[in-house]
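*Asks:* Structure of the sequence below:
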Amino acid sequence: MAKAAKKAVKKAAKKPARKPSAAFMKPVAPSAALAEIVGSKPIPRTEVTKRLWAYIKKNKLQDPKNKRMIKADAALKVVFGGKAAVNMFEMTKLVSKHLK
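*Replies:* Numbering: from 1, shown residues only. This next block holds a predicted model:
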């Protein structure tokens, strides 16, 4: 009986929910090229990513066969440094250059 009681106590003592990192929540100013897509007001990096993905999905810029690849339209080509297509991991690196 004592073992069952100890297990119940262990399960009840859960870790507190993770708090978002202050660095990700700090507002950053997008460059003029990126501002055409996400807006010109300073916003957190997490919001930049959300708006960028919303833009990509709205304009159907994701490769249907390989969802990791993002095709650039005229506005994104400037952000991607002139590349016609990038993978989603390279995209985050290229976008970070446009944040101050």
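*Asks:* Could you use CA atoms for every contact and neighbour count after this?
*Replies:* Will do.
*Asks:* Which parts of the protein are helices?
*Replies:* 2-12, 22-25, 32-38, 45-58, 74-79, 88-96 (DSSP state H).
*Asks:* Save these as JSON lines, and put in distance to residue 65 too.
*Replies:* Shown next, in JSON lines, are the helices of the chain (distance: least, CA to CA, whole Å):
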{"stretch": "helix 2-12", "distance to residue 65": "43"}
{"stretch": "helix 22-25", "distance to residue 65": "31"}
{"stretch": "helix 32-38", "distance to residue 65": "24"}
{"stretch": "helix 45-58", "distance to residue 65": "14"}
{"stretch": "helix 74-79", "distance to residue 65": "20"}
{"stretch": "helix 88-96", "distance to residue 65": "14"}
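*Asks:* among the ones you listed, which is nearest residue 68?
*Replies:* For the helices of the chain, the distance to residue 68 is smallest for helix 88-96, at 5.4 Å, taking CA to CA.
*Asks:* one step back: same list (the helices of the chain) but as TSV, adding mean neighbour count and distance to residue 68.
*Replies:* As requested, the helices of the chain are exported to TSV (neighbours: other CA atoms under 10 Å; distance: least, CA to CA, whole Å):
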stretch	mean neighbour count	distance to residue 68
helix 2-12	9	38
helix 22-25	11	23
helix 32-38	17	20
helix 45-58	16	12
helix 74-79	17	16
helix 88-96	14	5
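*Asks:* For the ones you listed, which has the smallest mean pLDDT value?
*Replies:* Among the helices of the chain, helix 2-12 carries the lowest mean pLDDT, at a mean of 55.
*Asks:* per-residue confidence averaged over stretch 63-71?
*Replies:* On average, stretch 63-71 scores 95.
*Asks:* Start at 8, not 1
*Replies:* Happy to do that; since the first residue is 8 now, the last one works out to stretch 70-78.
*Asks:* Please enumerate residues in contact with that stretch?
*Replies:* If you take CA atoms under 8 Å, 6 or more residues apart in numbering as the criterion, stretch 70-78 is touched by 63, 68-69, 91-95.
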